[in-house]
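Colleague: got a sequence here, can you model it:
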Amino acid sequence: MTLLEQEWRQLTQAATVAEGPLFCREIHFLSTVDSTNEEVRRRAEQRAPHGSVYVAEQQTRGKGRLGRSWFSAPSTGLYFSLLLYPEKIHSAPSSFTLLAGLAVCRAIRALTNCPAMIKWPNDIVIGPKKICGILAERSLTPLGQAFIALGIGINVNAGVFPDELQKKCSSLFLETGRKQNRAALFLQTLSCLDKLYSQPEAPIADYAALCVTLGREICYSRENQILLGKAIQILPNGELLVLRSDGREEVVSSGEVSVQGIY
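Modeller: Below you'll find the predicted structure:
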């Protein structure tokens, strides 16, 4: 039994979760895994149920956006992925990233009082530093069923980061000066995500209110070009509407985005 699983059992024994969130009904705790998103892919091929959650104490090849790796310090962070079979077969991963970002932001704020904000499209920041990364990947099972691997990695109790990440990343421990209960944050995040997932429409206004990207000058890539603009709106599918420096509006769905004053 992993340390996180022990914490989870202690927490849920004292809480009522029998009628709790969908995402609390089937949770698999793993000591070490290459990537929790890869674990979701393997489980989807085995027809694991919708809403299954896979959480690891350590990832040996944690995945970030654009093929990057994700720093996964053992037993200090919260690294998990959800298996989702979307009702709409062509559902864009960006819509799931939107829900996860809002859920994590709300959970962190509720438990730590830290002013967590969303940096579009998939990061949670406190001040100028990254606390959490989200990766939604759409794939097909061998039988052709579409599924989403929704991965979330939160820097919870890490006290130090590699040199190349120190200026960019932080943890809840470093921001608050105290160790955080990972199981409590896990439960709060799943509960928030469950409520958002069950809503008939995307909570765009709530997301926008916590999106630090909006109203700021940004740099973004488009067809191997670096463009400048101002982020002006989050669209219902989670895409970003940008007012370019030449006065034209453009929809940005993915890619590298740098926000003035952050990274």
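
Colleague: low-confidence stretches in the chain?
Modeller: The model of the chain has pLDDT under 70 over residues 13-21, 62-71, 88-90.

Colleague: show me what the strand ranked longest in it is packed against.
Modeller: In the chain, with assignment by DSSP state E, the single longest strand is strand 129-140. Identification of packing neighbours for strand 129-140 by 3 or more CB pairs under 8 Å, 6 or more residues apart in numbering; DSSP states H and E yields helix 36-45, helix 93-112, strand 123-126, strand 146-154. Backbone N, C-alpha and C define where each C-beta goes, glycine included.

Colleague: list the buried residues for that strand?
Modeller: 129-138 (16 or more other CB atoms under 10 Å).

Colleague: tell me the one of those nearest residue 1?
Modeller: Using CB to CB, residue 132 is the member of the buried residues of strand 129-140 that lies nearest residue 1, at 25.4 Å.

Colleague: before we move on, back to that, can you give me the angle the longest strand of the chain makes with strand 146-154?
Modeller: Relative orientation of strand 129-140 versus strand 146-154 (axes from the mean of the first three to the mean of the last three CA atoms, to 10 degrees): 160 degrees.

Colleague: what's the domain layout of the protein?
Modeller: 3-209, 217-259 (automatic domain parsing).

Colleague: quick one, helices of the stretch 101-250 of the chain?
Modeller: Using DSSP state H, counting those that start in this stretch, the helices of the stretch 101-250 of the chain run over 172-176, 182-197, 204-209.

Colleague: quick one, which of the ones you listed gets closest to residue 9.
Modeller: The nearest among those, by CB to CB, is helix 182-197 at 8.4 Å.

Colleague: run the angle between that closest one and helix 93-112 for me.
Modeller: 130 degrees.

Colleague: going forward, count from 23.
Modeller: All right, first residue 23 from here; so that's helix 204-219.
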